[in-house]
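>>> Give me the fold of what follows.
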Amino acid sequence: YIALLLLSLLLKIVTAEQSLHQLVCEDETLFLSCPKGYTIDVLTALYGKKDPRKCNHPGNNNSNCAAGNALVTIKILCNRKQNCRVQASNNVFNDPCYGTRKYLEVTYECVHVEILSSVACENDKLKINCPDGYYLWIVNALYGRTDPVTCFKPDKRVLTNYCDATTALNTLKSRCTNWKECTVDASNGIFGDPCRGTYKYLEVDYLCLTPKTFFNISAMSN
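This is a model prediction of the structure:
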């Protein structure tokens, strides 16, 4: 948790011209993150082993191997998102050197984009839309509560300001991506209840993309 806070502070001073670097050993989880108003643009990715000093382990240590699909895979999973988690495993990437302890190493930029935001309090409807000729692309979504101010109502109970439904992002993507407009109920029936007894809200960050930009990204994901 402390590490994520430090990363968040670092990212607040990052500009689009500065690259960030993350490395995790095999079977660990890589976490990429950009501050609000920025999205991930992956520059390089390596799954394998080029430096014997990184993630060293007794046994076979082939230090000249790399999965050929690493960059494309990371771009598909992470580009144009605010946050991204990827498991460094042979199940995600090809195994370029059987028996060698590998690592996943990524460099990326946080690119400033015109991210739009919308909030709906619990049991209200979230409505988002784009101008004619543009399509919705969901960047981030939250159903729960992460601050005491949003959707504060004196008659509503708040037991915690730290809860987030894990289903929120995928639910918004499946319901809204590639549409000009979208309406979603901010309710436990849609997202589950991440903090019972607390008055929650649904918050979404999204882009309005031109058809050319949207379908180029969609083609990469298929």
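
>>> Just the strands from the chain, written as ranges.
Along the chain, the segments classed as strands by DSSP state E run 19-25, 29-33, 38-49, 65-66, 83-87, 103-112, 116-121, 125-129, 135-145, 163-164, 181-185, 201-209.

>>> List the pairing partners of the fourth one within its sheet, with orientation.
Okay, so that is strand 65-66. Taking DSSP bridges as the criterion, strand 65-66 pairs within the sheet with strand 38-49 (antiparallel).

>>> Looking at the strands of the chain, which is nearest to V72?
strand 38-49 (8.5 Å; Cβ to Cβ). Every C-beta, even on glycine, is put in place using the N, C-alpha and C of the backbone.

>>> show me the contacts for V92.
By Cβ atoms under 8 Å, 6 or more residues apart in numbering, V92 lies in contact with 47, 73, 86.

>>> Kindly present the strands of the chain as TSV, with separate columns for distance to F191.
Supplementary listing: the strands of the chain in TSV, determined by distance: least, Cβ to Cβ, whole Å:
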stretch	distance to F191
strand 19-25	29
strand 29-33	22
strand 38-49	23
strand 65-66	39
strand 83-87	18
strand 103-112	27
strand 116-121	12
strand 125-129	11
strand 135-145	4
strand 163-164	10
strand 181-185	9
strand 201-209	7
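
>>> any idea how far A141 lies from K153?
With the distance defined as Cβ to Cβ, to the nearest Å, A141 ends up 22 Å from K153.

>>> Looking at the two, which one has more neighbours?
A direct count of neighbours by other Cβ atoms under 10 Å for A141 and K153 places A141 higher, at 24 against 10.

>>> Who are the contact partners of that one?
In this structure, A141 makes contact with 168-169, 171-173, 202-205, judged by Cβ under 8 Å, 6+ apart.
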